[in-house]
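>>> sequence and predicted structure, then a few things I'm wondering about:
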Amino acid sequence: MNAPETLELRLGSIAHGGHTVARHEGRVIFVRHGIPGELVNVVLTDAGETAKFWRADVVEVLEASEHRVPHIWDQADALTHRDPVGGAEFGHISLDYQRVLKAQVAAEQLTRLGGLKAEDYNFPAVQAVPGNADGLGWRTRMSYSVTESGHLAMSGFRSNELTEITQMPLAHPGIEAIGLYSVDFSGIDRVEVAVSSRDDSTVLVLLSEVLPGAALRVAKQLPEGVNLAVFSQMGGSAADGKGELEVITGNGWLTEQVLGNFFRITGEGFWQVHRSAATLLTERVMDLTAPESGEVVADLYAGAGLFSLPLAEAVGPQGRVFSIEGAPGTHADAKKNLAQTPQVTVTRGRVERLMRQLAREAQLDAVVLDPPRTGLDKQSAAELATSGVPRICYVSCDPAAFARDTARLMARGYELDHMEIHDLYPHTHHMESIGLFVRR
Ligand SMILES: C[S@@+](CC[C@H](N)C(=O)[O-])C[C@H]1O[C@@H](n2cnc3c(N)ncnc32)[C@H](O)[C@@H]1O
């Protein structure tokens, strides 16, 4: 028998990934675009007869949650679009309640994967970013596809169908101001845009060109002062892929400023997305890690040196910082950003490959690590713990990976001394956790 295409469901609790969990005839269904407690009609998007669980999207709300609000972005609204775009999947939930749900997800992951018990541990609330009351305009980095007619577009939540974009309320106003939505991007297949949060107005547009000459046509349509470059990825992954940047107008990089330090970030290089993230995370990492003069600290997955630079200042010329980053472009930025601090050793390479040697050769006093969504691999977690480093400050954008790594570190002699969660991705299901682990 084929599965029914639509169903009426009562939505249960929130799950990792932003779904609510519902049940139908004993089967679990992960439902998007709903709120726990709501009675809704859903369309099944993934419903094989033999599948362990199904997936569905809310298309009609029969009994709305008191936390439901008009969606912040029409094109991402599942109630008015059959294939809404991704990128603001919590936009129908009041901002305060989004944070309540994120805290529930984090607590559930820490319990289930991290092995922590609610009776022993005070699971943290999710903190709003000061100065961003409506949770809009925070994205300093945007990434778009291009339609056949040359317009900016984004993919549907669960499809490759492109929807033309005419505004993006989460994008920084400096990005929205340059009129990208009326530019003809024919001959381009991806458009990446970044704005500097130093001045809130210097913009760099990166194009991936499929027709030679297309970027020059785009250049003529952009306002004066916008930096433009063509980027070609030469293979590899985000951690070690090689890229080539050909500048068309202005510079191929932006300058960022964090607490008095300046950072050069090339077009394809990593930088924190929320306009306040770099400052907020630096303050929190420095506060929790508390590096002292003369100490030896490692900054793993170091990016362009955001934490390495203040760590170097704190340990001073008598101390030492090992800054490890995999991506060649971001590593090149780190080299430049850390050129005036000889106490920093800047190394390009995968943490998986370098961790053992580092743990063996350096007597580390503290480690800061900020891995991608996948978290630490098992081997690196083991080597990190075996190093016996007294303090580990772990910054994470994925609560499941963070919880899994918490269990690994706790099994090898660490305890989670402090944890906090920041809402660095409002109107999405994402969150940023920071944990301080200390050697027992
Ligand atoms: C979440 S970012 C953090 C960067 C930096 N801490 C910051 O806040 O600006 C993670 C960084 O790790 C790098 N990376 C990803 N996988 C890696 C790996 N296996 N080894 C080393 N670096 C890696 C990425 O290129 C990226 O720059």
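In hand now; what should we look at?
>>> and residue 332, how far is that from the ligand?
Distance of residue 332 to the ligand, given as Cβ to the nearest ligand atom, to the nearest Å: 12 Å. Just so you know, the C-beta spots here come from the backbone N, C-alpha and C atoms, and that holds for glycine as well.
>>> check which helix or strand covers that residue.
Assigned by DSSP states H and E, residue 332 falls within helix 328-337.
>>> what's in contact with that helix?
Here helix 328-337 makes contact (Cβ atoms under 8 Å, 6 or more residues apart in numbering) with 240-243, 245, 253, 262-270, 302-305, 308-309, 323, 325, 346, 348.
>>> from those, which are also near the ligand?
With Cβ under 6 Å from any ligand atom as the criterion, the contacts of helix 328-337 include 270, 302-303, 325 near the ligand.
>>> dump the residue contacts of the residue nearest the centre of the chain.
Closest residue to the average C-alpha location of the chain: residue 397 at 5.7 Å, with Cα atoms, centre = their mean. Applying Cβ under 8 Å, 6+ apart, we find residue 397 in contact with 372-373, 424, 430-433.
>>> domain parsing for this structure?
6-68, 141-257, 272-439 (automatic domain parsing).
>>> deepest-packed of the ones you listed, please.
Most buried of the domains of the chain, by mean neighbour count (mean count of other Cβ atoms under 10 Å): domain 272-439, with a mean of 20.
>>> any stretches of the stretch 151-300 of the chain with poor pLDDT?
Residue ranges of the stretch 151-300 of the chain with pLDDT under 70: 234-242.
>>> strands along that one, start to end?
Ranges of strands in the stretch 151-300 of the chain, per DSSP state E, counting those that start in this stretch, are 152-155, 162-164, 188-195, 203-209, 227-233, 243-249, 253-258, 261-266, 296-300.
>>> is the ligand contacted by the longest one?
No - Strand 188-195 stays clear of the ligand (Cβ under 6 Å from any ligand atom), getting no nearer than 13.2 Å.
>>> helices and strands around that strand, which ones?
If contacts are counted by 3 or more Cβ pairs under 8 Å, 6 or more residues apart in numbering; DSSP states H and E, strand 188-195 sits against strand 141-146, helix 173-176, strand 203-209, helix 214-221.
>>> need the ones you listed in CSV (columns: distance to the ligand).
Below are the helices and strands packed on strand 188-195 laid out as CSV (distance: least, Cβ to the nearest ligand atom, whole Å):
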stretch, distance to the ligand
strand 141-146, 12
helix 173-176, 19
strand 203-209, 16
helix 214-221, 25
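>>> hey, which helix is longest across the chain?
Ranked by residue count under DSSP state H, the longest helix found in the chain is helix 95-112.
>>> isn't residue 137 right next to residue 167, touching?
No - if you go by Cβ atoms under 8 Å, residue 137 and residue 167 don't touch, sitting 11.4 Å apart.
>>> between these two, what contacts are shared?
Counting by Cβ under 8 Å, 6+ apart, the contacts common to residue 137 and residue 167 are residue 176.
>>> which residues in the stretch 301-440 of the chain form strands?
Under DSSP E, counting those that start in this stretch, the stretch 301-440 of the chain gives strands at 320-325, 344-348, 366-369, 391-396, 414-422, 432-439.
>>> need those in TSV with distance to residue 355 and mean pLDDT, can you?
As requested, the strands of the stretch 301-440 of the chain are arranged in TSV below (distance: least, Cβ to Cβ, whole Å; pLDDT from 0 to 100):
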stretch	distance to residue 355	mean pLDDT
strand 320-325	8	98
strand 344-348	11	97
strand 366-369	10	98
strand 391-396	12	98
strand 414-422	16	97
strand 432-439	16	98
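>>> ok, and the closest non-adjacent residue to residue 179?
Nearest residue to residue 179, sequence neighbours excluded (Cβ to Cβ, 6 or more residues apart in numbering): residue 223, at 6.8 Å.
>>> distance check, that neighbour against the ligand.
Note on residue 223: its distance to the ligand, by Cβ to the nearest ligand atom, is 28 Å.
>>> what's the separation between residue 167 and the ligand?
Relative to the ligand, residue 167 is positioned 28 Å away (Cβ to the nearest ligand atom).
>>> leaving out sequence neighbours, find the closest residue to residue 192.
residue 206 is the one closest to residue 192 (Cβ to Cβ, 6+ apart), at 4.2 Å.
>>> thought that neighbour was touching residue 229?
Yes - if you go by Cβ under 8 Å, residue 206 and residue 229 touch, sitting 5.5 Å apart.
>>> shared neighbours, the two?
Contacts common to residue 206 and residue 229, judged by Cβ under 8 Å, 6+ apart, are 245, 267.
>>> where does this protein come near the ligand, residue by residue?
Contact residues (Cβ under 6 Å from any ligand atom) of the chain with the ligand: 238-239, 270, 272, 301-303, 306-307, 324-327, 330, 350-352, 370, 372.
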